[in-house]
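**Q** Just a sequence and a predicted model for now, questions to come.
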Amino acid sequence: MKAGGIKLSAAGMAGRRSWLQPSIVGLLFFALYAATLAPDVVGHDAGEFQFVPAIFGIPHAPGYPLQLLAGKAFSFLPLGSVAWRMNLLSALIGASAAALTYLCGVELLGTWLGGLAAASIVGLAPLEWTWSTIAGIRSGTVAFVAAVVLAALRWEKSARQPNATKQSTPTTNRRLLIVALTFGLAMDHHRTIVLILPLLGAFILMVRRRTFIDVPLMLGAVGTAAAPLALYGMFFLMARLGTPWDQYHSGTWSGFLDLVLSSSDSARHLDLSPGQALARWPLLSQAFSGPFWLTVLALVGIGLCWLAARRPAQALLLGGYASIVGFFTLIWNVGSDLNLVFLMPAYVPLALLAAAGCSALIELAGRLLRPSSTQRPAAGAQLLGPALALSIAGLGLLNGRAHFRPVPETLDDFRVNLLDGHQARRLADAFASLPPNATVVGDWDQDTVLWYAQYIDHLNPTAMISYPATLLPSVLERAGGPVFLTTATVRPTGPVSAWGPFVEALRSPQTELPADVRPMGGSFDGQIQLAGFAPMGQPSYGVLPVTLYWKALQRPPADYAVSVRLMPSPDRVARQRDEAAPVLGLSPTSTWLPGQVTADYYELDVRSLPDGPYDLAVVLYQPLPGGYRNLAYGSTDRAVLGTVTMRSGGLTFEARRS
């Protein structure tokens, strides 16, 4: 066959087709992840990987050198924000994981349907989908597992060739070295890939035991696997030369070893006995609930039995690795819950076993439905494969439909939902309003957002950021300037007041109102005055911020809850935000002293709110057994700050005369 005057052999055409199909799979998943990509900065570990690569710092243990280098390269893209670029990198890596899993399925089962089923399970698995839309190392871990398994399956194919049964061929040896190199590069990405090593050893032993007595080959494989680990040495050099981000003092030998071996983290989290770990099994089973996972696990059981009867080495590699990863997830102790991201490497073997289950069902259907007069399978059996693959993809998309829905934009009290929408962006922007030389205390979840604001957006460079939030008492003792808290996970012992979405931990109660407050005159039951509110601005990403100022006229005899509402009529509530106590529940009213002024921050989601006027009302109420009691505000039970008029996504505000 000729194409532009160049002869293409049958092997060349087949080679091109062998890469065309996984490329299409990868492009489809990249489009899916890009369509559901996180739009900006996020919190938690993902937030760290949005700013550390850009400044070429040293991430948390064990450092993740490959992710750091890839992230640094992506930070130069002239597209979107730095945070968005890091999210896009995860989408690309997640799509690569799906494409590599497709190749594994084709290699394992010999059909594109097997590859498609496996790729659909991996690519649509809930955590894989999530971590392919935000920055981080998780989607890369899945991709490297798929790469190692693919290299192992291709080595096996070569080792089982007739001319390689008694003596290894150059192709077989080369493919073994590729397995070793892929494993070494995977270790550069995440250390938990080491869990597959004993299974790889058993796999090689079962396929071709003579491999282990070939000393030069084994030494070459060990050296090839170890060579990429030298990349970790760059952290020592970076720290010695000076890097803007290094939590481990990696320029010292003890700090460097603590980083790359994760010794401190391991000692902190690997403190359960095997029996205690297995007792946490119900938590693991909860992670595989719902129609998608129940279907996949049913296929996994069928596929494992089918594969064990035909190819026990492959069954051991896949089933054994999935089991070890599951046990590691159980024994890694992070408290009452499981850190389910450690389960993600098991997605690849589970997907391949499920694809094998599909093949088993197709084979069984072919035997049952084959007409006695022909050796060709019946049409029903031929259609079963595509039907199973489409069913898995459909269940996965149905399971992930939340990715296409509007996400919450209002901050929760504990600031732990910072992977959604623009919540983290609004927290970062509010960080700029804090006074110079402030100290902000929070947990890792929120502080990565603030570090991004400092290092990438260059906001509030003089502020100090500390974590965890439990350090608040010691920070209050030593800090010379104002101290702020990012989360309600810690309850300060002294008075507090809101500063936008932050909580200011005060050393003594405030008694004065800021100069720009819009004053109010009424009080609730003569105990607490709604002294005023901050000037009303435009919504930010669909969120209307409301800051109230309370003043205690006497020491309140009880704790009161607060409700802030948008009301289109006196008997209807369009939007509402309640707190059990002011300031994220951290300032019980019974602790207020006469004359004490407390700022109190709320957020109302005004997205999709119909155009028209709404009263912005505040209700103070006392929870009671079986009900509640609204405190009186003059002749009514609510204070109306004014009228909010929505017009095409914007608003105007007219204050009510006091």
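**A** Structure's in. What do you need?
**Q** residue contacts, residue 295?
**A** Going by Cβ atoms under 8 Å, 6 or more residues apart in numbering, residue 295 touches 391-392, 395. In this view, the C-beta of every residue, glycine as well, is placed from N, C-alpha and C.
**Q** The same query, at a cut-off of 6 Å, please.
**A** Going by Cβ atoms under 6 Å, 6 or more residues apart in numbering, residue 295 touches residue 395.
**Q** in which helix or strand would I find it?
**A** Residue 295 is part of helix 290-310, with elements assigned from DSSP states H and E.
**Q** buried ones in that helix?
**A** Residues of helix 290-310 classed as buried by neighbour count (16 or more other Cβ atoms under 10 Å): 292-293, 295-297, 299-300, 302-307.
**Q** One more: stretch 492-502?
**A** Within stretch 492-502, the residues that count as buried by 16+ other Cβ under 10 Å are 492, 495-502.
**Q** For that stretch, C-alpha coordinates in CSV please.
**A** Output of stretch 492-502 as CSV, limited to C-alpha atoms (Å, rounded to 0.1, in the frame of the first residue of the first chain):
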residue,chain,number,x,y,z
PRO,A,492,-10.3,30.1,71.0
THR,A,493,-10.6,30.6,74.7
GLY,A,494,-10.9,34.4,74.4
PRO,A,495,-13.1,36.8,72.4
VAL,A,496,-13.3,36.5,68.7
SER,A,497,-14.6,38.7,65.8
ALA,A,498,-15.0,38.2,62.1
TRP,A,499,-12.7,39.8,59.5
GLY,A,500,-14.4,38.8,56.3
PRO,A,501,-14.2,35.0,56.2
PHE,A,502,-11.4,35.0,58.7
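**Q** Please list the outside residues in contact with it.
**A** Here stretch 492-502 has contacts from 411, 427, 430, 484, 503-506, 509-510, 583, 586-587, 598-601, using Cβ under 6 Å, 6+ apart.
**Q** so of those, which ones are in helices?
**A** The members of the contacts of stretch 492-502 that map onto helices under DSSP state H are 427, 430.
**Q** What segments of the stretch 451-600 of the chain are strands?
**A** Along the stretch 451-600 of the chain, counting by DSSP state E, counting those that start in this stretch, strands occupy 464-466, 483-485, 496-499, 502-505, 518-519, 523-524, 528-533, 543-552, 561-567, 575-579, 597-605.
**Q** right, and the ones you listed - which one's nearest residue 91?
**A** strand 543-552 (26.0 Å; Cβ to Cβ).
**Q** Mind listing what's buried along that closest one?
**A** 543-552.
**Q** export those to a markdown table and tack on pLDDT?
**A** Shown next, in a markdown table, are the buried residues of strand 543-552 (pLDDT from 0 to 100):
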| residue | pLDDT |
| --- | --- |
| 543 | 96 |
| 544 | 96 |
| 545 | 96 |
| 546 | 97 |
| 547 | 97 |
| 548 | 97 |
| 549 | 97 |
| 550 | 97 |
| 551 | 97 |
| 552 | 97 |
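**Q** Which of these sits closest to residue 284?
**A** Set against residue 284, the nearest of those by Cβ to Cβ is residue 543 (36.4 Å).
**Q** Tell me which two of the buried residues of strand 543-552 sit farthest apart.
**A** 543 and 552 (28.7 Å).
**Q** residues contacting residue 587?
**A** 496, 581, 598.
**Q** In TSV, list the buried residues of helix 290-310 along with distance to residue 559 and pLDDT.
**A** Output for the buried residues of helix 290-310, formatted as TSV (distance: Cβ to Cβ, whole Å; pLDDT from 0 to 100):
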residue	distance to residue 559	pLDDT
292	44	94
293	43	94
295	49	95
296	48	96
297	48	96
299	54	97
300	52	97
302	57	97
303	57	97
304	57	98
305	60	97
306	62	97
307	61	97
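**Q** Kindly indicate which of these lies nearest residue 281.
**A** The closest of the buried residues of helix 290-310 to residue 281 turns out to be residue 297 (Cβ to Cβ; 14.1 Å).
**Q** which regions of the stretch 51-200 of the chain sit below the pLDDT cut-off?
**A** Filtered on pLDDT under 70, the stretch 51-200 of the chain yields the residue ranges 163-167.
**Q** hmm, try it at 90
**A** Low-confidence segments of the stretch 51-200 of the chain (pLDDT under 90): 160-169, 191.
**Q** Kindly report the same for the stretch 401-550 of the chain.
**A** Applying pLDDT under 90 to the stretch 401-550 of the chain flags residues 416, 436, 480, 521, 537.
**Q** Next, format the strands of the stretch 451-600 of the chain as a markdown table and append distance to residue 331.
**A** Output for those, formatted as a markdown table (distance: least, Cβ to Cβ, whole Å):
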| stretch | distance to residue 331 |
| --- | --- |
| strand 464-466 | 31 |
| strand 483-485 | 33 |
| strand 496-499 | 39 |
| strand 502-505 | 36 |
| strand 518-519 | 56 |
| strand 523-524 | 53 |
| strand 528-533 | 51 |
| strand 543-552 | 41 |
| strand 561-567 | 42 |
| strand 575-579 | 39 |
| strand 597-605 | 40 |
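**Q** Please name whichever of those is nearest to residue 416.
**A** Closest to residue 416 of those is strand 483-485 (Cβ to Cβ; 14.0 Å).
**Q** which strands and helices sit next to the closest one?
**A** If contacts are counted by 3 or more Cβ pairs under 6 Å, 6 or more residues apart in numbering; DSSP states H and E, strand 483-485 sits against strand 439-441, strand 502-505.
**Q** Counting neighbours, which bits of the helix or strand where residue 66 lies end up buried?
**A** Take DSSP H and E as the rule and residue 66 turns out to sit in helix 65-74. Buried positions in helix 65-74, judged by neighbour count with 16+ other Cβ under 10 Å: 65-68, 70-71, 74.
**Q** which among the contacts of residue 587 gets closest to residue 271?
**A** Nearest to residue 271 among the contacts of residue 587 is residue 496, at 34.5 Å by Cβ to Cβ.
**Q** Tell me the spacing between the closest one and residue 591.
**A** Distance, residue 496 to residue 591, using Cβ to Cβ, to the nearest Å: 10 Å.
**Q** ok, now residue 85?
**A** Counting by Cβ to Cβ - residue 85 and residue 591 are separated by 46 Å.
**Q** From the neighbour counts alone, determine which of the two ranks first.
**A** residue 85 (21 against 16; other Cβ atoms under 10 Å).
**Q** surely that one meets residue 73?
**A** No: applying Cβ atoms under 6 Å, one finds residue 85 not in contact with residue 73, separated by 9.8 Å.
**Q** and residue 484, what does it touch?
**A** Contacts for residue 484 were tallied using Cβ under 6 Å, 6+ apart; they are 438, 440, 502, 504.
**Q** Grab the two from those residues that are most spread out in space.
**A** Within those, 440 and 504 form the most distant pair, 10.2 Å apart (Cβ to Cβ).
**Q** Mind jotting down where the helices sit in the stretch 1-150 of the chain?
**A** Using DSSP state H, counting those that start in this stretch, the helices found in the stretch 1-150 of the chain span residues 10-35, 44-55, 65-74, 82-109, 112-124, 126-131, 138-159.
**Q** for those, which one sits closest to residue 403?
**A** With Cβ to Cβ, the closest approach to residue 403 among these belongs to helix 126-131: 6.5 Å.
**Q** What separation is there between the spatially closest residue to residue 531 that is not a sequence neighbour and residue 534?
**A** Spatial nearest neighbour of residue 531, chain neighbours left out: residue 551 (4.2 Å); criterion: Cβ to Cβ, 6 or more residues apart in numbering. Applying Cβ to Cβ, the value for residue 551 to residue 534 is 15 Å.
**Q** Verify the stated contact: residue 29 with residue 96.
**A** No: in this structure, residue 29 is not within contact of residue 96 by Cβ under 6 Å, at 8.8 Å.
**Q** Looking at those two, which one has more neighbours?
**A** Between residue 29 and residue 96, counted using other Cβ under 10 Å, the more crowded position is residue 29 (28 against 22).
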